[in-house]
Structure formats: structure tokens, C-alpha cells
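Colleague: This is a predicted model, with the sequence first.
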Amino acid sequence: MVDNVFIGLMTGTSADSLDCAAINFLDEEMHVVGLKNYDIPDKLKDQIKENIQAVKLDVLKVKELDVSLGIFFAESVEDFLNSLSLKKEQIKAIGSHGQTIKHEPQSIKPYSLQVGDPQIMSDYLGIKTIGKFRDDDISSGGQGAPLSPIFHKEVFFNPGEERIIANIGGITNISILSDQGLIGFDTGPGNCLLDAWNKLNLKGDYDKDGKWAKSGKVNNALLEVMMGDKYFKSNHPKSTGPDYFNLRWLRRCLEEVNKEITANDVQATLAELTALTLANSLKVIEHKAECIYFCGGGVHNLDLQERISKNVEQTCVTTSDLGVDPDYLEAICFAWLAKQRIDGIKFDMEQITGSKEEVYLGKVFDPVK
């Protein structure tokens, strides 16, 4: 019986497509009704990129993108529901993370900006929508991210066993699940620098299978400069985004090396950076996990997975070994978070984001009649 359905939406920090998940919650169990992916139109991709890379935000451009993405999300959900023969009346709520444009948890006035107006979605579809998931956490002294570790605990925790979940999207975040508690934070870049350098060199939106990176050699001088960044030396809780790890950041590192480096060697070095920062993050945490369960777009980068395997001491598999599609884990997470918000559940995020009190994750946007 399909009567308690929540929709989860996630674009991720790579900003290449929209993942949709329809989840039916029955008797405290999650049942996947359907999963679907929608390419973000090129014009919107360009606007997202422009806003992310802007040193100073243009309020009018941000607002335009907020509206355009809200409409795109709503139209995608409408098509998604039609493809599943679901009626809008069957949907309890939509959980939409939105597209992150800026994430500044360390600024004088911390903030995290996501676009894709939830009110537009709610009005367009006539469905209650949950958005702005990070706001209350930041208001309570937290970093607002990552949020997925609490979902990882919900679905993957197994008493008496330690498990590591690694999500490689634009940014890499990890969750360590154990009887001792939950640890979760961003280790650093995932695909964001790889994708940006790939596009800059006219190689396409991403490095398919990591073949271009594999054709190059790691430049140790560049790797050393990049690894010297303060973010990698800071303790968790911590979070970051592609507004920090971007082409400006890479250019500064290249200028510091001040030597000619071939483009494919830079790509190889960026892949090594993602692998090494993940491995180093695990080494500073006491854990006994024998496996790392991967999810996110990074699971398809064969070169990156090989580099990670060489740098870590654990067996590398995907969350499909735990029964969850690695490509849609984040979208499923936001369907679950939407249900938690509708159920009025607060979370203690102190060990993950550093917030000082229990918080609601998400704000509720009811359709305006």
C-alpha cells in the first residue's frame, strides 16, 4: 500500500544533475517506490557555476537562479510522479536540499546558501515541501553540514560492528558508525576540482572512469602545496564546499609551485589529493572498521577508487553491499529527513556539526492557497 510517500531531491556539490527518490515509509521501514535522475539544463549549470565562483554574490543573479531552479525542481518532480503513476495527494512531503552556492561556516556571520526556492515548489505542486535544512543548525552554532551522517546511522548502524560510509560527490564526507557514537565530517574535495579542471581543459563535464587522470603522473611538489592547506590540518567538526575548493584555489597552488605542469599531471594530482585526504582523515580517527562503503558519483571513477584502495587499509565496496543504491543514497536521505521534520523530531548534531543544542533539520513550506 503506497500511502506514506516522501520525495527526496539532491543535486549535490557537482551540480550536474538532480536525483529524485520516492520512499514509502511503512511500519518503520523504508521501501523504495522509485528512483530517477534528471540532467540539469546547460543554462542552469552555467548560472550555478557563475554564482559559485563569484567572489561577491550578485543578489539579483542569485534570486533569478533561486526561482529558475525551484521551477526546474518542481517540473522534475511532476514528471517523476507521473512516471511512477503517483498522485500528488499520495505524497506527504518533499525534502529538497537545494543547490549549494556558498558555504561559509567559519565567516564572522556564518551562513550556508542553497538555491531552488522551496516555496515555489510547494506552490507549483501543491505539496508540502521541506527545505533550508542547514539554517537552524547554523543558528545554533553548528556548521550546517554534513547532514547525511545521521541518516547513515539510521540505515547502516549495526551493533557490535564499526562501519565507515564515504560519500564522494563534489566534496567527500565520511561517517564512522560504532557503539561509541557517530562521527561525521567533510574530508575535503571529492570530484569538484577534478570536474572543474576537466571542464576548463575542454574534456567534458567530468573525467569518465578517471581515464584522463590515469594518463598523468602525480606531481609531488603540487601535491605537497595542496596538502598544506589549513583545512586538512583542522579538527572536526568541519565542512567545506566547492566555493572554497575551486579553480581559484587550484591556481594559487599552481602559482606557488611556479613550474610548468602538464594538464593531465594536474588531473592525476587532484585525484591523488582526494584519495590521500580521505585516507589521512581515517588515520587520525581510532576505528576498527574493516570496510569502507562508498556512495556518490565518485564510485564510478575507477582511477579514483584505485587510488583510494592504495591509500587506505580497508576493503573498498559500495553501499549496494548494504542494500542501498550508492547513486541515490543522498536523495533517499532527504526523503527521510523530510519525514523526520514532519514528525517533529529534533537532532543532536554536536558531534557532527558542532551545534550547541538539538535542532530541527529543515523548514516547512506549505502551499499558499
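Modeller: Nice, thanks for sending it over. Numbers count the residues shown, from 1 in each chain.
Colleague: chain center to the helix or strand harbouring C333: distance?
Modeller: For C333, the host element (DSSP states H and E) is helix 329-342. Its chain's C-alpha centre and that of helix 329-342 lie 14 Å apart, by C-alpha atoms, centre = their mean, to the nearest Å.
Colleague: Please apply the same query to stretch 197-214.
Modeller: Using C-alpha atoms, centre = their mean, the offset of stretch 197-214 from its chain centre is 20 Å.
Colleague: contacting residues for the nearest residue to I150 once chain neighbours are set aside?
Modeller: Once flanking residues are discounted, I150 sits nearest to F347: 5.8 Å by C-beta to C-beta, 6 or more residues apart in numbering. Any C-beta I mention is one placed from the backbone N, CA and C, and that applies to glycine too. By C-beta atoms under 8 Å, 6 or more residues apart in numbering, the contact set of F347 is 150, 340, 358-361.
Colleague: Repeat that for I91.
Modeller: I91 makes contacts with 5-7, 81, 127, as judged by C-beta under 8 Å, 6+ apart.
Colleague: Look up which residues are beta-bridged to the residue nearest to I150.
Modeller: F347 has the following beta-bridge partners by DSSP bridges: V359.
Colleague: which parts of the very next helix or strand once past the helix holding C333 are buried?
Modeller: The helix or strand immediately downstream of helix 329-342 is strand 363-365, counting by DSSP H and E. Residues of strand 363-365 classed as buried: 364-365 (neighbour count, 16 or more other C-beta atoms under 10 Å).
Colleague: Which neighbours in the sheet does strand 363-365 have, and how are they oriented?
Modeller: Applying DSSP bridges, strand 363-365 is found paired with strand 129-131 (antiparallel).
Colleague: Now the strand it pairs with: average pLDDT?
Modeller: On average, the pLDDT along strand 129-131 is 98.
Colleague: Could you identify the helix or strand that succeeds it?
Modeller: Counting by DSSP H and E, the next helix or strand C-terminal to strand 129-131 is helix 135-139.
Colleague: contacts for that following helix?
Modeller: For helix 135-139, contacts defined as C-beta under 8 Å, 6+ apart pick out 105, 110-112, 143-144, 147, 349, 353, 355, 359-361, 363.
Colleague: Most neighbours among the contacts of I91, which one?
Modeller: Highest neighbour count within the contacts of I91: I7, with 30 neighbours (other C-beta atoms under 10 Å).
Colleague: so after whichever strand or helix holds that residue, what's the next helix or strand?
Modeller: Element membership for I7, per DSSP H and E: strand 5-10. Going down the chain from strand 5-10, the next helix or strand is strand 17-26, by DSSP H and E.
Colleague: Next, the buried residues of the next helix or strand after that following strand.
Modeller: Tracing the chain past strand 17-26, the next element assigned as helix or strand by DSSP H and E is strand 29-39. For strand 29-39, burial by neighbour count (16+ other C-beta under 10 Å) applies to 30, 33-36, 38.
Colleague: For S139, give its distance to E357.
Modeller: 10 Å (C-beta to C-beta, to the nearest Å).
Colleague: Hmm, I typed the wrong one, I wanted A275.
Modeller: Distance of A275 to E357, computed by C-beta to C-beta: 36 Å.
Colleague: what do you get for D195?
Modeller: From D195 to E357 the distance is 37 Å (C-beta to C-beta).
Colleague: Check Q314 too.
Modeller: Q314 is 34 Å from E357, by C-beta to C-beta.
Colleague: Looking at these two, which one has more neighbours?
Modeller: Neighbour count, other C-beta under 10 Å: between Q314 and E357, Q314 has more, with 17 against 14.
Colleague: Could you identify the helix or strand that succeeds the longest helix seen in the chain?
Modeller: Scanning the chain for the longest helix, with DSSP state H as the assignment, gives helix 59-83. Under the assignment DSSP H and E, the closest C-terminal helix or strand after helix 59-83 is strand 91-96.
Colleague: How far does that next one sit from its chain's centre?
Modeller: With C-alpha atoms, centre = their mean, you get 19 Å for strand 91-96.
Colleague: do stretch 200-216 as well
Modeller: Its chain's average C-alpha position is 21 Å from that of stretch 200-216, according to C-alpha atoms, centre = their mean.
Colleague: likewise stretch 215-223?
Modeller: Put simply, stretch 215-223 sits 26 Å off its chain's centre (C-alpha atoms, centre = their mean).
Colleague: That stretch: which residues count as buried?
Modeller: Buried positions in stretch 215-223, judged by neighbour count with 16+ other C-beta under 10 Å: 216, 218-219, 222-223.
Colleague: what about it, start to end distance?
Modeller: Counting by C-alpha to C-alpha, to the nearest Å, you get 17 Å between the two ends of stretch 215-223.
Colleague: Mind putting the contacts of helix 135-139 into a markdown table with pLDDT?
Modeller: Output for these, formatted as a markdown table (pLDDT from 0 to 100):
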| residue | pLDDT |
| --- | --- |
| P105 | 90 |
| P110 | 91 |
| Y111 | 92 |
| S112 | 94 |
| Q143 | 95 |
| G144 | 96 |
| L147 | 96 |
| M349 | 96 |
| T353 | 95 |
| S355 | 95 |
| V359 | 97 |
| Y360 | 97 |
| L361 | 98 |
| K363 | 98 |
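Colleague: Where do the helices of the stretch 201-350 of the chain begin and end?
Modeller: All helices of the stretch 201-350 of the chain, identified by DSSP state H, counting those that start in this stretch, fall at 211-214, 220-227, 230-233, 247-257, 263-283, 302-311, 329-342.
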